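Asks: take this sequence and fold it.
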Amino acid sequence: MNDGLGSDPIQTLHFRTGDWALRFLLLTLAISPMQRFLKFSAAMRFRRMFGLFSFFYASLHLMVWLVLDQSLSLDNILYDVPESPYIMLGLLAYLMLLPLAMTSNLASMRALGAKWQSLHRLVYLVAILGLTHFFWLTKLDMSEPLIYTAVLMVLLAFRWPYFRRFRLNK
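Replies: Residues are numbered from 1 along each chain as shown. As a prediction, the model looks like this:
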């Protein structure tokens with residue numbers, strides 16, 4: 001409405017949904033350090049919701065590409081995927097995010113036990129893959145992917161002592 005999506009509305013929708021998927025993913029990852037270091041525990045109630053918002057926007061991002069950009073044409077999709085490594089990386093990130101969203105409920109937590117936490121550590125790899133996907137498709141202005149990368153690096157730096165302790169205990 002009112003040409004708010006610009007001259008290429010499909011591309012605008014595609015980029016905005018991808019941006020929000022990444023923003024919510026980083027926000028989800030920021031909640032534990034906020035709780036741990038800033039003693040801001042109220043945000044923990046929203047961590048699952050933010051993670052599911054990330055999955056929702058990643059799903060919209062994928063749907064915009066499949067439906068609006070590729071017109072659900074299997075020929076177009078099969079041609080486009082091998083030609084564009086960033087698409088393969090995005091699909092891999094989405095496929096890794098899918099089981100995280102499907103198991104983000106109390107019943108799955110109980111059923112999987114300790115394996116649930118191991119599964120949900122994939123979120124760090126999903127974030128790295130999502131950022132790499134963003135970098136590979138960005139052509140000119142790298143400032144936004146660099147900002148997201150800086151945020152992710154800070155969030156991973158907060159977790160470094162935990163990762164070291166986890167690796168040393170195995």
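Asks: what sits against Leu156?
Replies: Tyr124 (C-beta atoms under 8 Å, 6 or more residues apart in numbering). Just so you know, the C-beta spots here come from the backbone N, C-alpha and C atoms, and that holds for glycine as well.
Asks: nope, Leu119 is what I was after
Replies: Pro99, Leu100, Thr103, Leu112.
Asks: what helix or strand is it located in?
Replies: Following DSSP states H and E, one finds Leu119 within helix 114-120.
Asks: list the buried residues in that helix.
Replies: For helix 114-120, a neighbour-count test (16 or more other C-beta atoms under 10 Å) marks His120 as buried.
Asks: what's the first helix or strand after that helix?
Replies: According to DSSP H and E, the helix or strand after helix 114-120 is helix 122-137.
Asks: go through that following helix and flag the buried ones.
Replies: Residues Val123, Val126, Ala127, Leu129, Gly130, Leu131, Thr132, His133, Phe134, Phe135, Trp136, Leu137 are the ones in helix 122-137 that count as buried (16+ other C-beta under 10 Å).
Asks: output it in CSV with nothing but the alpha carbons.
Replies: Output in CSV follows, covering the C-alpha atoms of helix 122-137 (Å, rounded to 0.1, in the frame of the first residue of the first chain):
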residue,chain,number,x,y,z
LEU,A,122,22.8,-25.8,17.3
VAL,A,123,21.4,-22.3,17.6
TYR,A,124,25.0,-21.0,17.6
LEU,A,125,25.8,-22.7,14.3
VAL,A,126,22.4,-21.5,12.9
ALA,A,127,23.4,-17.9,13.8
ILE,A,128,26.8,-18.3,12.1
LEU,A,129,25.3,-19.8,9.0
GLY,A,130,22.6,-17.1,8.9
LEU,A,131,25.2,-14.4,9.1
THR,A,132,27.3,-16.0,6.4
HIS,A,133,24.2,-16.3,4.3
PHE,A,134,23.6,-12.6,4.8
PHE,A,135,27.2,-11.7,3.9
TRP,A,136,27.2,-13.8,0.7
LEU,A,137,24.1,-12.2,-0.6
